[in-house]
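sequence first, then the predicted structure:
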Amino acid sequence: MAGILFIISAPSGSGKTTLVAQLRSLVEGLEFSVSYTTRRTRGSEENGREYNFVDRETFKRMVENGEFLEWAEVFGSDYYGTARAALDHARATGKDLLLDIDVQGAKQVMEKMPDAVSIFVLPPNPEVLQMRLRHRSEAEHMTEEEVIERRLHQARNEVKQMWDYKYALVNDVLDQAVAEMRAIVLYERGVRDGVTAMAESCRTDPRSPRLRAVLKSFGLD
């Protein structure tokens, strides 16, 4: 069953980029949409790989031309967007499409495409998230404390949006999180053998002990 749209969101530093890379190495027929952004490159990033880097004028022109499936301004400074052409290309080639987008963009897509499969990736707690953000900032040579604090505050606000998603998984142990995401993709494709229990355990159920533990750690329980 090709043509499924998978939306994956997570607070910055939750490890969703690594999860998506691992998932694509295990599951065939998944095309990844490279988003457009106006922010500067970081570390070893390359244009067309992590993002399509464009200037603000180009981005605004694409918005005016209706070229984006979704777009948003993040942290009040940079624009991010997903081109409609990515979904068209995936469908034309008989593949499913993965969108790695924030909660603002995800809401736009969910409203336009209610059949999309939405997955929210959670860090296990704020302490682990802070550690990951510091390690990433050091690798990118951007150790500004203000930036880290702003992302932690944003993460708390984004975690509240988890209930808008069909699935939620906790990225504590990477191999387990990858296995859960794989199970979700296969389950949504109609596969049942060996993945049903794991996929269904990731539904955003308010009674889930794992999800409640994460919410409590962020002071949201």
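Ah, there it is. Just so we're clear, the structure is a prediction, and the values are computed from it rather than from any experiment.

mean confidence score for the helix or strand hosting residue 131?
Per DSSP states H and E: residue 131 is located in helix 126-139. Mean pLDDT, helix 126-139: 83.

so which elements touch that helix?
helix 145-159 (3 or more C-beta pairs under 8 Å, 6 or more residues apart in numbering; DSSP states H and E). Every C-beta, even on glycine, is put in place using the N, C-alpha and C of the backbone.

which stretches of the chain form strands?
5-9, 30-32, 36-37, 52-53, 68-74, 78-83, 96-100, 117-122, 167-170 (DSSP state E).

paired strands for the fourth one, with orientation please.
To tie it back to what came earlier, the one meant is strand 52-53. strand 36-37 (parallel) (DSSP bridges).

quick one: distance of the partner strand to the chain centre.
15 Å (C-alpha atoms, centre = their mean, to the nearest Å).

next, count neighbours for the closest residue in space to residue 196 that isn't next to it in sequence.
Spatial nearest neighbour of residue 196, excluding adjacent residues (C-beta to C-beta, 6 or more residues apart in numbering): residue 187 at 6.3 Å. Counted with other C-beta atoms under 10 Å, residues neighbouring residue 187 total 19.

my guess is residue 187 contacts residue 195. True?
Yes - in this structure, residue 187 is within contact of residue 195 by C-beta atoms under 8 Å, at 5.2 Å.

measure stretch 61-72 end to end?
The first residue of stretch 61-72 is 14 Å away from its last residue (C-alpha to C-alpha, to the nearest Å).

pLDDT of it, averaged?
94.

equivalent analysis for stretch 167-183, please.
pLDDT averaged over stretch 167-183 gives 96.

that one: which residues count as buried?
167-171, 177-183 (16 or more other C-beta atoms under 10 Å).

nearest to residue 22, of these?
residue 178 (4.5 Å; C-beta to C-beta).

quick one, what contacts that closest one?
Residue 178 makes contact with 19, 22-23, 26, according to C-beta atoms under 8 Å, 6 or more residues apart in numbering.

just to revisit the earlier point, can you list residues touching both of residue 187 and residue 195?
Joint contacts of residue 187 and residue 195 (C-beta under 8 Å, 6+ apart) do not exist.

which of the contacts of residue 178 sit farthest apart?
Most distant of these, by C-beta to C-beta, are 19 and 26, 10.8 Å apart.

okay, these two: which has more neighbours?
Between residue 19 and residue 26, counted using other C-beta under 10 Å, residue 19 has the larger neighbour count: 23 against 13.

hmm, residue 121 and the more buried one touching each other?
Yes - using C-beta under 8 Å, residue 19 makes contact with residue 121 at a distance of 6.3 Å.

intersection of neighbour lists for the two?
With C-beta under 8 Å, 6+ apart, residue 19 and residue 121 have common neighbours 8, 171, 177.

out of those, which comes closest to residue 82?
residue 8 (11.8 Å).
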